[in-house]
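Undergrad: Provided below for reference: sequence and predicted model.
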Amino acid sequence: MNTTPGAASASAQSKHRTKSARPRSPYDGLPYEDEDGYERRWGGLSEAAKADLSRSDPLTFVADHLPHRDRAEGSVVVLLEPVGFGQPMVNVISDVPRNPTAQECYRLLWPFATAAGQACPPGGRAMIGLIHHRRGPAVPSLLDQRWLHAVQQAAQEHGLEVLGVMARTASGALLPIADADAA
């Protein structure tokens, strides 16, 4: 092992290069983007591994692959996923109030949940999930709670399962919202 000052400097430079090895993306620094997080989740995976991960965590897959033009404060993404019939549907609603009331959250989801419930064959299963874009820290907020409760209510009333609720903050952080967060 070489312990000369030059070797230590070269080692530090090598570590710095490794950390910044990812080429600069045109999305770096834009609101609601996290290119490093995307690379951690999806970079280096085989196509089969990407497909497996997208099936096991469809909300993260949709959040990470949503075009930048659909990522803005207040933008809401509703994911409807049939189990054993049909194809998943991603719906982007860009003109949602930035701080909707609980009733506004529910009213936005109602037509999607109704359609999914009606399309589900007898004995079939369908799921509903939501991603919303907001400002603020990457900790659960009252707005996150409102969206979670609205998804749960719409799912219950239409015989759907809850796929999940996720907040994307302006820093690009993805924050899954759990029942414990909504207490």
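TA: Alright, I've got the coordinates.
Undergrad: Name all residues that make contact with the most centrally placed residue in the chain.
TA: Nearest residue to the geometric centre of the chain (Cα atoms, centre = their mean): Ala63, 3.6 Å. By Cβ atoms under 8 Å, 6 or more residues apart in numbering, the contact list for Ala63 reads Val77, Ile131, Met166, Arg168, Leu174. C-beta here means a position set from N, CA and C on the backbone, and glycine is covered the same way.
Undergrad: Distance to Pro31, secondary structure and pLDDT added to those, as JSON lines?
TA: What follows is the contacts of Ala63, written out as JSON lines (distance: Cβ to Cβ, whole Å; DSSP: H, G, I helix; E, B strand; the rest coil; pLDDT from 0 to 100):
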{"residue": "Val77", "distance to Pro31": "16", "secondary structure": "strand", "pLDDT": "96"}
{"residue": "Ile131", "distance to Pro31": "15", "secondary structure": "strand", "pLDDT": "97"}
{"residue": "Met166", "distance to Pro31": "17", "secondary structure": "strand", "pLDDT": "97"}
{"residue": "Arg168", "distance to Pro31": "10", "secondary structure": "strand", "pLDDT": "95"}
{"residue": "Leu174", "distance to Pro31": "14", "secondary structure": "strand", "pLDDT": "94"}
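Undergrad: Could you name the specific helix or strand carrying the residue nearest to the centre of the chain?
TA: Using DSSP states H and E, the element containing Ala63 is helix 58-65.
Undergrad: In that helix, which residues are buried?
TA: Within helix 58-65, the residues that count as buried by 16 or more other Cβ atoms under 10 Å are Pro58, Leu59, Thr60, Phe61, Val62, Ala63, Asp64.
Undergrad: with those in mind, which one is nearest to Asn99?
TA: Ala63 (20.5 Å; Cβ to Cβ).
Undergrad: With adjacent residues omitted, what lies nearest to that closest one?
TA: Of all residues not flanking Ala63 in the chain, Ile131 sits nearest, at 5.0 Å (Cβ to Cβ, 6 or more residues apart in numbering).
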